Structure formats: C-alpha cells, structure tokens
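Trainee: attaching a predicted model along with its sequence, questions to come.
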Amino acid sequence: MIIIASTNGAIGIPQAWEILEQGGTALDAVEAATRIVEDNPDDHTVGYGGYPNLVGDVELDASIMDGTTLQAGAVGALRGYRYAITVARRVMEELPHVMLAGEGAARFAAEMGMQSEHLLTEQAAQVWRAGIDGQQPTISASQTALLDELRRHTANLTSDPERVSGTVNFIAQDRTGHIASAVSTSGWAWKYPGRVGDSPVIGAGNYADDRYGAAACTGWGELAIRAGTTRCVVLYLKLGYTLEEACHAAFADLIAPHEDPGTAIMSMVALDRHGNHCAVSTSSGRTYVYQAAGMTNLEELPRLVITPGQK
Ligand code: ASP
C-alpha cells in the first residue's frame, strides 16, 4: 500500500491514506486527494483559485486512470467546475469516451449535477493582471526561451514560471495491488485560450497499468505530449528496466538533439508494481511526498535531477 504525490499534494495525502487503510480503492484515494488540492485557493496551479489563461478565464485540465482496467477519463479546458478530477472520473465511468474538452466538458459536468461557479479568485486575478502589465519578477535566463512562444501572445509578459505553472500528481497502490493515478491542473498561466496541456492526455501526463506501474508529470506539457512521456515509462518497465532507468529513458526522449536541454522543464513521479517509487525533475531542489505501509505520516524526499536528452 502506498501513495506518492507532487509536493503540493501533501495536503491530500492524509485523507487518501485513510481510504487506503480502510481497504478503499486506489482510484477512490487518488480522486479524494486531488479534490482537496482542487479546493485549496492558495494553490494557484490547480482547481479553484488557479491562474487563468490569456484572457482571464480559468481553464482546468485533469485525468484519472485505473491501472486494472486501463480505463481512463479526462477533461481539457474545463471552465466553471473546480472538481475537474471528478468530472474526469465521471467521463470514464459514464461515457464511451476518454476525453471531453471545453464546452462539452462543462455541459457534461452540469448533466452530472455538479454546481458551476466562478473559479478566478481576486488573488489569482491580481497576478494575472500584473503579468499582462509586465510587472511580474523577471524569469531566470534558462527558462526564458520556453516562455517566448507565450510572449508572442502576451506583450511584456515576464513572470516566474515556478509560480505560474504547476500541477498535482497522485499515484496510489491499494491493498489489493491495484494502481490508479490522477493529475489535475489549471495549466500554464496566460496560456492561449483552449490550450490543453499534458495533464489530461493519457500517455503524456498520466498513465497507469497494474502489471508494470504508473507515472504522472508536471512541467512543460507540450514536451510530455509530443514524447508520450508517462506511457514511455510504463513501456520501459514492461521491457524490464528498473524504475529509475525507465524515468531516465523517458526523459532522454523529451527533447530533440538540436534542442537546448536547459530550456526543458519537466518533473515526474513514478511507481512500479512492486511499490518502488521515484521522482525526477529537470530542475534541482524539487521534492515529492509519499506514504507507505508502516508509516504514520508522509515523508518528503528530494527528486533525482535528470538532464533531458541524455541517455
Ligand atoms: N503540465 C502542466 C501543463 O503543461 C503545467 C505544469 O505542470 O506546470 O499544463
């Protein structure tokens, strides 16, 4: 029995742990934990209070995957419903589809009886306005290139991507050995309206398979989408790699040989079917959290730093 998460998921772990301890499923545990983060107005990267897109609308992405059935549900660019993870789970359970986006996702949430609300808090709106006005602190040199694309659409935008991006990842393995994973995010602040990141793309930002393991990403979603990063990790596990080797191999494919590794921002948590866990990042100083059988509290551990593109 184990649950691992990106560090901003720490507030969701106690409830998830209770579910697991009482014999609940990994799927219920990761959904419950994600909802707690989606509720947190101080986490501007997920759910209620998330930073908005270029035109000031909060658009959420989320996905959930059941490693037993390989069923998955996802929503992209969802507006007006904070529990994106629950909408994603209902997509998985109620529809013959994996992903709904935009208006269709909101329509479905309403049909499921969920309450629509305004997700932009005053605090998040202030940061959004400051970014539009070019009044945010300057970003670090190595990350500047990654924001160039966005800058083309956002005159004078300068901001710290550590503050304007982020996502929550959870992976749990329950008593019966079943694995589930959940990812939820408001995506990159000032993203182009309708932009969908890796978080709801199964195989990119989220993948789980009981037979091998699971992985979930935060970071520059476009890289994980084009490389199919989490699916790669699980495939490498299937091929007999250790968990760390699988993470290394997946990060090797994040960028093309001509691209500057310094511009790639990516982090990932991963678990194999034996309960081994690891978390990696292209940035130093990052951590993740986990709780496993026999522990009364979660523990925070450093992530392994990987330079993308290196074999
Ligand atoms: N991966 C998310 C996205 O690209 C954002 C993040 O994790 O920072 O939307």
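Mentor: Structure received. Numbers count the residues shown, from 1 in each chain.
Trainee: let me know the next secondary structure element after the longest helix along the chain.
Mentor: Across the chain, the longest stretch assigned as helix under DSSP state H is helix 26-39. With elements assigned by DSSP states H and E, the helix or strand that comes after helix 26-39 is strand 60-66.
Trainee: quick check: mean pLDDT across that next one?
Mentor: Here strand 60-66 scores 98 as its mean pLDDT.
Trainee: and the helices in the stretch 51-200 of the chain?
Mentor: Applying DSSP state H, counting those that start in this stretch to the stretch 51-200 of the chain gives helices spanning 84-94, 102-111, 122-132, 141-151, 161-164.
Trainee: any weak-confidence spans in the stretch 1-150 of the chain?
Mentor: Flagging of the stretch 1-150 of the chain using pLDDT under 70 yields the residue ranges 133-150.
Trainee: which ones are touching the residue of it found nearest the ligand?
Mentor: At 6.0 Å from the ligand, residue 61 is the closest residue in the stretch 1-150 of the chain, using Cβ to the nearest ligand atom. In this view, the C-beta of every residue, glycine as well, is placed from N, C-alpha and C. Neighbouring residues of residue 61 by Cβ atoms under 8 Å, 6 or more residues apart in numbering: 74-78, 84, 183-187, 196-197, 199-200.
Trainee: so who does the residue nearest to residue 59 when sequence neighbours are not counted touch?
Mentor: In this structure, residue 59 finds its nearest non-sequential neighbour in residue 77, 4.4 Å apart by Cβ to Cβ, 6 or more residues apart in numbering. Shown in contact with residue 77 (Cβ under 8 Å, 6+ apart): 59-61, 101-102, 105, 193-196.
Trainee: then residue 275?
Mentor: The neighbourhood of residue 275, defined by Cβ under 8 Å, 6+ apart, consists of 2, 173, 292.
Trainee: near the ligand, which residues of this structure show up?
Mentor: Contact residues, the chain versus the ligand (Cβ under 6 Å from any ligand atom): 165-167, 185, 187-188, 197-199, 205, 218-219, 221.
Trainee: which of these count as buried?
Mentor: Buried by 16 or more other Cβ atoms under 10 Å: 165-167, 185, 187-188, 197-199, 205, 218-219, 221, out of the residues of the chain next to the ligand.
Trainee: among those residues, which are in strands?
Mentor: With DSSP state E as the criterion, strands contain 185, 218-219 from among these.
Trainee: state the distance from residue 28 to residue 300.
Mentor: From residue 28 across to residue 300, the span is 24 Å (Cβ to Cβ, to the nearest Å).
Trainee: looking at the two, which is more packed in?
Mentor: residue 28 (17 against 10; other Cβ atoms under 10 Å).
Trainee: so what's the residue nearest to the more buried one when sequence neighbours are not counted up against?
Mentor: Excluding the flanking residues, the one nearest residue 28 by Cβ to Cβ, 6+ apart is residue 19, at 5.3 Å. Residues near residue 19 by Cβ under 8 Å, 6+ apart: 25, 28-29, 32.
Trainee: rerun that using 10 Å as the cut-off
Mentor: Residues near residue 19 by Cβ atoms under 10 Å, 6 or more residues apart in numbering: 3, 25-33, 172, 174.
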